[in-house]
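Novice: My questions concern the predicted model and sequence given below.
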Amino acid sequence: MNKKFSILLKVLGGIVAAILLLLLVAAVLLNTHAVQNKLLGIATERLEEKLQTRVIIDDVSVNVFAQRVNLKGLEVEDRQQQKMLVLDRLSVSVELAELLANKLVISKVDIEGVKARLNKPDDGPANYQFIIDAFKRDKPKKEETKQQEPEKKKEPFNWDVNHLKLAKIDVQYNGNKVSLDEVTFDKGWLSKATGKLQGLQGQWELQTKKGPQTAKFSLGTVHYDEKKGQHDVKIGGLHLALDNHQPRKNANKPKRGFFDVGHLDVIADLQLTLNHIAKDSVNATLTKFVARDSVTGFNVKDLRFTVGATKQQARLSNIVVQQENTVLQFDSASLVLPSKKEGRKFSFQTSLIKGKTLLKDISRPFAPVLKDFKMPLELSVLFSGTDTTLVFKDIEVHTPDQRLKINAVGGIDQLNKKEEMDIHFHVSKMTAKGSVKQEIINQFQVKKMMIKQLEALGDITYTGDIRIPWHKECFKGVLGTAVGSLNFDFTLNEDTKHVSGNAQTKSIQLGKVLKMKDIGNVGAKANFDIDIHKGRTAQMRKQHGGKLPIGKVNATVYEASYKKIKVKNLLVDMKSNGGQLEGNISQTNKGLDWACDFTMTDIDKPSSLKVKPKVKVKFKDLFKKKK
């Protein structure tokens, strides 16, 4: 019995040894170039038969012991005999032992020289569709049974890459281009991963509601470092350019800013740290962001914040925004992220934003008229909104010395409908003390008119509303001055370039304003229409040789005094062509009608005022009154 058992063991041992020897011989044969080339020829023929197109593979080598596969010179043509895919070199090393644990560990991937030419015509299939169809597996139909056994859940297949290198990548799809010089990733030791990207650039065509738009982008370098779960990313030389092939919005419009989303040319550098990354959440800190648009002049010197986000919402904290002379800071901001599936709309709100600014920072992109506005301002505001509305609360703007101070609330409606967009603000109080009025005007390159009259008004207060619908600016409210108060309501029409409206005062010291001591207090209401078209007014002033405003005024004077004469219920009509102001004052009484015509050529020179009186005595009315 023991002898038979010993013989059996020897036989089994011999069989096992023979199998191992055969496996070793097979591995050695597979490792030889001759066998691998023979297998390569067979595989290439089968692949061509399956794809029905030309396939070329120059060389394949498999190192079973090193667990590495190398491929060189792959070419695949599409059905039009055009080279669709070219691959110069591919090297992959795997850890076969990990496959037993349902895990693919790729210790090294090295790909170089990829060129792909893909296209999808509007009236036909894509040139790569035949590959998808060739390898598409028909799903077997499940046999219907009375009682189907519950399907076993498949364990997820995990994979990992320790080292990756891609170089000289060039992909085109329907004229859209993406190319890459090199990208590397190394998992490293002790959970410290590093990566680097160089020379990523691309160009693609976008179809927008306003027509085609070309977008170009490039990335100079991206550096990635990971240590103990923290991921640091540095991006240098990020460049984005947009061109809608249309004239810029400010073409032939010198008063309009350069900012145009159809024409952008932005260069940026940034640094961020990913503190936490999970399937449904992320926490990151943007530690540096510098961006400049060379065309529009929009310049962000620094942007910093920390953000924590889920699929439903995001919260920002410690936010700092800095331009050349502007710094804004606020503690937090919360955003509700939109979802059509869950019926959730976008909205946001911030804590109190505080900052300092010079308005010239936004002059080139948005308001060229502010290019010389160097008066420092301090501000604070609460900001919130949705994708269609913006709301501003607790607005306060003031100069450092508090000579100018504005408190207001406001908002913007219909952001998604340009012609229906409505900007509106309510100024609860504005105060301008001393010479700050003149200093504000001096920030603009405009002709300084009626500065002496403005100075005579003294300190100014204002309460009212500002509304800006499509191509109009509407202002109304109460203006308080040292010489009296004024109620007004007027509109600036950007299409016609006219300012029209009305004003009313119970009593204002007009003589003090005009530096004409013989005129006393005046109470009146007036309607006016003033031409503000720059070209039109310049032509009229040149033609008539003057520098007066151009327009007309119709007024009713409740009461007024000139020297020792006091009058009530006067009708006043004035019209100016830029060189001369012509007017008429009239009053109707029971026994006496009187009127006077007057002219003025320079509002700063009382001596230029000329008056021609007219008197009409109504004897019948006098007789009736006496009788």
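Specialist: Nice, I can see it. Residues are numbered from 1 along each chain as shown.
Novice: Give me the residue at the spatial middle of this structure.
Specialist: Nearest to the mean C-alpha position of the chain, by C-alpha atoms, centre = their mean, lies residue 261 at 7.7 Å.
Novice: ok, now which ones touch the nearest residue to it once chain neighbours are set aside?
Specialist: Closest residue to residue 261 in three dimensions, ignoring its sequence neighbours and counting by C-beta to C-beta, 6 or more residues apart in numbering: residue 242, at 7.1 Å. Bear in mind the C-beta positions are built from the backbone N, C-alpha and C, glycine included. For residue 242, the contact set (C-beta atoms under 8 Å, 6 or more residues apart in numbering) comprises 213, 214, 215, 216, 261, 262, 263, 264, 265.
Novice: can you tell me which two in those are farthest apart?
Specialist: Spatial extent of these (C-beta to C-beta) is set by the pair 216 and 261 at 15.0 Å.
Novice: Give me the pLDDT for the residue nearest to residue 261.
Specialist: Listed pLDDT for residue 242 reads 91.
Novice: OK, contacts around residue 318?
Specialist: 304, 305, 306, 331.
Novice: what's the pLDDT at it?
Specialist: 96.
Novice: Then residue 625?
Specialist: For residue 625, pLDDT reads 49.
Novice: and if you look at residue 339?
Specialist: Looking at residue 339, the pLDDT reads 91.
Novice: What of residue 597?
Specialist: Predicted confidence (pLDDT) for residue 597: 85.
Novice: what's the neighbour count on it?
Specialist: Applying other C-beta atoms under 10 Å, we find 15 other residues in the vicinity of residue 597.
Novice: With residue 362 instead?
Specialist: Here the number of neighbours of residue 362 (other C-beta under 10 Å) works out to 19.
Novice: So residue 360: helix, strand or coil?
Specialist: helix (DSSP: H, G, I helix; E, B strand; the rest coil).
Novice: That one touches residue 325, doesn't it?
Specialist: Yes - using C-beta atoms under 8 Å, residue 360 is in contact with residue 325, at 7.2 Å.
Novice: rewinding a little: so when I look at the residue nearest to the centre of the chain, I'm seeing a helix, right?
Specialist: No - counting by three-state DSSP, residue 261 is not part of a helix but coil.
Novice: which residues does the residue nearest to residue 261 bridge with?
Specialist: Going by DSSP bridges, residue 242 is paired in beta bridges with residue 215, residue 264.
Novice: Output the below-cut-off pLDDT ranges for the stretch 351-500 of the chain.
Specialist: By pLDDT under 70, the low-scoring segments of the stretch 351-500 of the chain are 446-450.
Novice: which stretches of it form strands?
Specialist: Assigned by DSSP state E, counting those that start in this stretch, the strands in the stretch 351-500 of the chain fall at 353-357, 377-386, 390-398, 404-413, 422-432, 460-468, 472-481, 484-493, 498-509.
Novice: ok, back up a step: just want to know which of residue 360 and residue 325 has more residues nearby.
Specialist: For residue 360 versus residue 325, neighbours defined as other C-beta under 10 Å are more numerous around residue 360 (18 against 14).
Novice: for the more buried one, what are its contacts?
Specialist: 325, 370, 371, 372, 373, 374.
Novice: try it again with 6 Å
Specialist: Going by C-beta atoms under 6 Å, 6 or more residues apart in numbering, residue 360 touches 370, 371, 373.
Novice: again with residue 164
Specialist: Taking C-beta under 6 Å, 6+ apart, one finds 109, 185 in contact with residue 164.
Novice: If it is in a bridge, with which residues?
Specialist: Here residue 164, judged by DSSP bridges, has bridge partners residue 109, residue 185.
Novice: so what's it scoring on pLDDT?
Specialist: pLDDT at residue 164 comes out at 88.
Novice: hang on, the earlier thing: gap between the residue nearest to the centre of the chain and residue 367?
Specialist: Applying C-beta to C-beta, to the nearest Å, the value for residue 261 to residue 367 is 17 Å.
Novice: Also residue 612?
Specialist: Applying C-beta to C-beta to residue 612 and residue 367 gives a distance of 46 Å.
Novice: out of these two, which sits in the more crowded spot?
Specialist: residue 367 (16 against 10).
Novice: Look up how far residue 397 lies from the more buried one.
Specialist: 16 Å.
Novice: and what of residue 175?
Specialist: Distance from residue 175 to residue 397, by C-beta to C-beta: 49 Å.
Novice: the more surrounded of these two?
Specialist: residue 397 (16 against 9).
Novice: what's near enough to touch that one?
Specialist: 377, 379, 406.
Novice: Now render the residues you listed as TSV, adding distance to residue 571 and neighbour count.
Specialist: Converted to TSV, those look like this (distance: C-beta to C-beta, whole Å; neighbours: other C-beta atoms under 10 Å):
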residue	distance to residue 571	neighbour count
377	44	17
379	46	16
406	37	18
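Novice: any chance of those in CSV, plus distance to residue 321?
Specialist: Formatted as CSV, these follow (distance: C-beta to C-beta, whole Å):
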residue, distance to residue 321
377, 16
379, 13
406, 21
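Novice: Just name the closest of those residues to residue 573, please.
Specialist: Relative to residue 573, the closest of the contacts of residue 397 is residue 406; by C-beta to C-beta it sits at 36.1 Å.
Novice: and the closest one, what does it touch?
Specialist: Per C-beta under 6 Å, 6+ apart, neighbours of residue 406: 397, 430.
Novice: Tell me the bridge partners for it.
Specialist: Residues in beta-bridge contact with residue 406 (DSSP bridges): residue 397, residue 430.
Novice: For residue 384, see how far away it is.
Specialist: 20 Å.
Novice: Next: residue 568.
Specialist: From residue 568 to residue 384 the distance is 52 Å (C-beta to C-beta).
Novice: who has more neighbours, these two?
Specialist: Ranked by neighbour count (other C-beta under 10 Å), residue 568 and residue 384 place residue 384 first, with 16 against 11.
Novice: Flag every buried residue along stretch 489-499.
Specialist: Neighbour counts over stretch 489-499 (16 or more other C-beta atoms under 10 Å) mark 490, 492, 498, 499 as buried.
Novice: list the contacts for the first one?
Specialist: The reference is to residue 490. Contacts of residue 490 by C-beta under 6 Å, 6+ apart are 475, 499, 501.
Novice: just to revisit the earlier point, in CSV: the strands of the stretch 351-500 of the chain, plus distance to residue 256.
Specialist: Below are those laid out as CSV (distance: least, C-beta to C-beta, whole Å):
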stretch, distance to residue 256
strand 353-357, 21
strand 377-386, 23
strand 390-398, 21
strand 404-413, 18
strand 422-432, 16
strand 460-468, 15
strand 472-481, 15
strand 484-493, 16
strand 498-509, 19
